[in-house]
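In: sequence unknown, structure follows:
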């Protein structure tokens, strides 16, 4: 029964990867594959847009290149700024994570240093506080 559950979980993960046609590691920016994939996409898309616009538009190529460059630079800057502000708002920054890990470690160490009687008293006090709310 356990091997059936494991194979079901594996097949679910495989089917999730194949739904979009791309492996999931290519879409995750936090992986090397994702970083490489998005770098290539961000390099190729403006070139393809430039070629398409040059073939279908009557505007001069210099103007098309300038407009595409401005649009991509502005768009990516706004996108990066919004992700940064989102991480700041959710306290998902490296410093905040390190501080939380440090505080959790200090609390864990202090809890380990307590005697059993002190630990039980603290847990009873916490339960009383929870019951009050």
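Out: That came through fine. Computed from a prediction, not measured in an experiment: that's the story for all the values here. Residues are numbered from 1 along each chain as shown.
In: show me where this protein has its helices.
Out: With DSSP state H as the definition, the chain shows helices at residue ranges 2-19, 32-56, 61-89, 94-113, 116-132.
In: out of these, nearest to residue 26?
Out: In terms of C-beta to C-beta, the element of the helices of the chain nearest to residue 26 is helix 32-56, at 4.5 Å. Backbone N, C-alpha and C define where each C-beta goes, glycine included.
In: contacts for the closest one, please.
Out: Taking C-beta atoms under 8 Å, 6 or more residues apart in numbering as the criterion, the residues outside helix 32-56 that touch it are 23, 25-29, 59, 61, 64-65, 68-69, 72, 76.
In: would JSON lines of the helices of the chain with mean neighbour count and mean pLDDT be doable?
Out: Formatted as JSON lines, those follow (neighbours: other C-beta atoms under 10 Å; pLDDT from 0 to 100):
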{"stretch": "helix 2-19", "mean neighbour count": "10", "mean pLDDT": "45"}
{"stretch": "helix 32-56", "mean neighbour count": "12", "mean pLDDT": "93"}
{"stretch": "helix 61-89", "mean neighbour count": "11", "mean pLDDT": "93"}
{"stretch": "helix 94-113", "mean neighbour count": "10", "mean pLDDT": "89"}
{"stretch": "helix 116-132", "mean neighbour count": "10", "mean pLDDT": "87"}
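In: still on that earlier bit, with distance to residue 39 added, can I get the contacts of helix 32-56 in a markdown table?
Out: Conversion of these to a markdown table gives the following (distance: C-beta to C-beta, whole Å):
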| residue | distance to residue 39 |
| --- | --- |
| 23 | 17 |
| 25 | 14 |
| 26 | 12 |
| 27 | 13 |
| 28 | 14 |
| 29 | 10 |
| 59 | 28 |
| 61 | 25 |
| 64 | 23 |
| 65 | 20 |
| 68 | 18 |
| 69 | 17 |
| 72 | 13 |
| 76 | 12 |
